[in-house]
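> my questions are about this predicted structure, shown below with the sequence.
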Amino acid sequence: MKRLRRVRDLLAGRMDSALTEALIGQLEATKEGAWLAMAMIGGDTARTDAHEQMRAIEHRGDTERARLVEELSESLVTPIDREDLFRLSRSIDDVLDSLRDFVRESHLYRVRDQQRFAPMLDQVIVGIEALETAVRDLASRPSVITHDALEAKKAGGTLRRMYQYEIARIFSGTISAETMKERELVRRLEIVGVAIGEAADAIADGAMKR
């Protein structure tokens, strides 16, 4: 039945919406993970609770990624190349995995001043939302995908610069166990930015091949 529906959509010139739905599901789980990290550093959610909640969010993200892989093997028409869709999904997965590590390490390290990570997490959310816009435009507004991807790429670049400023601040003072813990957490958010940039590249590359 599912294959018949796909053949019908192909004949009607429609692309497979199940793929974009799975990607949106992945991004929604990832954004929820970013907001959970924000709630944790703001003290609205205890570190231990955040650590537990992140497990469920990560599981949901993995489920959506598995759905995308399954749909990809059966799809007749894809909005961009299958390889680029797979790269995009893998990079979104890397964003969520790094946010999980940030929450886990925050739980383990018990850094006192967590609020200083708020500006970087703000940019993480900006980047995820830009990716979400790009994925929604894959089928409906393909002419703006490159612009959407550029916005996500900018967020990744901003995170890299913020990381550099944070590292400069840390190394300009007295090095202690506390500052080294801060460095590890800042580094984790910089890795999130790299993954956002890689996801943006996958979308932009796919758009150029259309």
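On my side now, so go ahead.

> where in this structure is the helix or strand with the lowest mean pLDDT?
Taking mean pLDDT, DSSP states H and E as the measure, the chain has helix 2-11 as its least confident helix or strand, at a mean of 54.

> would you map the strands across this protein?
For the chain, none of the segments meets the definition of strands by DSSP state E.

> run through this protein and note the low-pLDDT ranges.
Regions of the chain meeting the criterion pLDDT under 70 cover residues 1-16, 210.

> and the residue lying closest to residue 194 once chain neighbours are set aside, what does it touch?
Computed as CB to CB, 6 or more residues apart in numbering, the closest residue to residue 194 that is not its neighbour in sequence is residue 156, at 6.7 Å. Every residue, glycine included, has its C-beta placed from N, CA and C. Contact partners of residue 156, counting by CB atoms under 8 Å, 6 or more residues apart in numbering, are 127, 193, 194, 195, 196, 197, 200.

> count of neighbours near the closest residue to the first one other than its chain neighbours?
Setting aside the residues directly before and after it, residue 127 is nearest to residue 155 in space (CB to CB, 6+ apart), at 3.2 Å. Each residue near residue 155 was counted by other CB atoms under 10 Å, and the total is 23.

> look up how far residue 139 lies from residue 155.
Using CB to CB, to the nearest Å, residue 155 is found at 23 Å from residue 139.

> please apply the same query to residue 127.
Counting by CB to CB - residue 127 and residue 139 are separated by 22 Å.

> residue 130 - how many residues pack around it?
24.

> sorry, wrong one. I was asking about residue 134.
Using other CB under 10 Å, residue 134 has 29 other residues around it.

> correct me if wrong: it contacts residue 152.
Yes. Residue 134 sits in contact with residue 152 when judged by CB atoms under 8 Å, with a separation of 6.4 Å.
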